[in-house]
Structure formats: C-alpha cells, structure tokens
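Trainee: using only what follows, build the 3D model:
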Amino acid sequence: MLRPTSSSALATTPKFGETELRTRGENLNLNGNPEQEPIIQVEGLKKTYQTARGSLDLFDNLNLRIAPGEMVAIVGQSGAGKSTLLHILGALDAPSAGTVYCASTNVASLSVRQAAAFRNREIGYVWQFHYLLPEFTALENVAMPLLARGAVKREALAVAANWLREVGLEERGAHRPGELSGGEQQRVALARALVNNPRLLLADEPTGDLDEITAAMVFDLIKRLHQSHGLTSILVTHNLDLAERCTRALRLESGRLVPLASLR
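Mentor: Next comes the predicted model:
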C-alpha cells in the first residue's frame, strides 16, 4: 500500500513497488555542506552545436558542485544555455564532453531507457509552462508519474490527493487544467513533479508566466516543499528577488557559471 510521506520519502527503482525508505528532511543540512558528497558534480562540461556557420560552443569547461539540501538559483541572459544545462543535469540531453554526475549516477552514460527510469526515480521537473494534460483532472495529472511506473490506480490517486493537499488544492482535484488559474496550474505541476518523492527538483522559470504576487506565492511554496521534503533544488529564473532567497545564486555567462555574492 502506498502511503503519502513527508520528511521520509520513498526511493524507488524503475519498477513501481520495489521501494526502500530514504530518510530526508529533518536531519539534513539545508544550507548544503560543501564537505558532503555532492548530489551534482559537473567537471569540464562542454556542449557544442553544429550551425550553418560552423560549430557553436555553448559551454566552455563548465564546472558545478551542488551539495545535498542546497537551493541554487541560476540566472543569465536569454540564450546563455540555462535550460540546456538543466536538460543535461536531468538526463534529457547529453554533453559533448566532460563528466556529469547526478545522484551518484553518470547520466551521460545512460541508455534512453535507463535515462527515463533515472528521471522518474530521482528528478522532479517544473517548467515555465505547466504541460498538464487537458483531458484529465488535476488529481489524475498528479498521479500520472505513479501510473507510469505501474501503480495501482486507487493507490496512485490517494498519494496524488495528498500532494494536492500539500500545495493547497485538495478541493480542486476534480477540475481540469482549463478550469484552473495560472497559479493553480503551476501548483498542480509542482505536485506532479514531486509525487515520486525525487531527490532533486529542477525548475526552469517556474514563475515566468505568473504575475508578481502569484509568482511570489508559488516560489514560497517551492521553498517550503524544498525544506520539508529535504530536496536539492536548482531554479533557473530571471527574477533576481527570488534568486536572492535561494541558498546561493550563479550567473551563466560566456559558457561558465560565475558565483554571485550579491545580485544587486
């Protein structure tokens, strides 16, 4: 029987139901201890694209280390490669050179099938657009990742209902995406991203389509869930006010990540 979790979460294998308990949250240093084994370790990352004018190097010997529990913001101009970096970290794209370890896994070495299983097990994604399935209810949308792993529908819906409660939408479970506001749609997308209890949350402009007040509310929710569920989170954002509230902020420029002591 699946049971909703909070500070303890399920670390699953690709086959649904083969689970073991992973304790997180209460005893985790949420500021990120640099002496801990990093959950993300990137060394010498290079990404090259072929264009009509020749090769384009997006990253130039990019290095990144993120400790468990950190909440890291990545800022930078449009076209700098922020989304591409998230895709590589999350096994959605492959580097041209360099090493990328995520959750102790060399993601560049994974087959297509292994990468899909890894993403489902270890990573939650939130994008600028919610990408909810319009023909399904909010509850069904949240349950989709569990159903994809072979969960019994009744149990998957029970866990999904708990996550809708966590994001403050327990009364909206029967509504379809078109019946929800933009902020509500993004909160449903956040619940869907976390329903498998991943260790890592990757968020690409999660508040980019929202007004200022709603954006602040969604960010507050992300930060609360980051802390209460012991996540490690990476947020791409153009909002410097929100980036300042993360553990640390990095700027992606000229193919490298530059630490920022201040965003002002």
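
Trainee: what about the residue located most distally from the centre of the chain, distance to residue 81?
Mentor: Residue farthest from the centre of the chain, counting by C-alpha atoms, centre = their mean, is residue 53 at 34.0 Å. Computed as C-beta to C-beta, to the nearest Å, the residue 53 to residue 81 distance reads 18 Å. To be clear about C-beta, it is placed using only N, CA and C from the backbone, and glycine gets the same treatment.

Trainee: list the residues that contact residue 46.
Mentor: Contacts for residue 46 were tallied using C-beta atoms under 8 Å, 6 or more residues apart in numbering; they are 57, 59-62, 95-98.

Trainee: my bad, should have said residue 173
Mentor: Applying C-beta under 8 Å, 6+ apart, the residues near residue 173 are 137-139, 160-161, 164.

Trainee: switch the cut-off to 10 Å
Mentor: 137-143, 157, 160-161, 164-165, 188 (C-beta atoms under 10 Å, 6 or more residues apart in numbering).

Trainee: what does residue 126 give?
Mentor: Per C-beta under 10 Å, 6+ apart, neighbours of residue 126: 186-187, 189-194, 201-207, 218, 222, 233, 235.

Trainee: if you set the cut-off to 6 Å instead, what comes out?
Mentor: 189-190, 193, 203, 206 (C-beta atoms under 6 Å, 6 or more residues apart in numbering).

Trainee: who's it bridged to?
Mentor: Beta-bridge pairing for residue 126 (DSSP bridges): residue 203.

Trainee: which other residues reach the host helix or strand of residue 214?
Mentor: When elements are assigned from DSSP states H and E, residue 214 belongs to helix 212-228. Contacts with helix 212-228, where a contact means C-beta under 6 Å, 6+ apart, come from 30, 71, 183, 186, 207, 233, 242.

Trainee: mind listing the strands for the stretch 1-150 of the chain?
Mentor: For the stretch 1-150 of the chain, applying DSSP state E, counting those that start in this stretch gives strands covering 8-12, 19-23, 40-51, 54-66, 71-75, 97-102, 105-106, 123-126.

Trainee: need those strands in JSON lines (columns: mean pLDDT and distance to residue 249).
Mentor: As requested, the strands of the stretch 1-150 of the chain are exported to JSON lines (pLDDT from 0 to 100; distance: least, C-beta to C-beta, whole Å):
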{"stretch": "strand 8-12", "mean pLDDT": "32", "distance to residue 249": "27"}
{"stretch": "strand 19-23", "mean pLDDT": "29", "distance to residue 249": "28"}
{"stretch": "strand 40-51", "mean pLDDT": "89", "distance to residue 249": "16"}
{"stretch": "strand 54-66", "mean pLDDT": "87", "distance to residue 249": "13"}
{"stretch": "strand 71-75", "mean pLDDT": "94", "distance to residue 249": "4"}
{"stretch": "strand 97-102", "mean pLDDT": "91", "distance to residue 249": "20"}
{"stretch": "strand 105-106", "mean pLDDT": "90", "distance to residue 249": "26"}
{"stretch": "strand 123-126", "mean pLDDT": "93", "distance to residue 249": "18"}
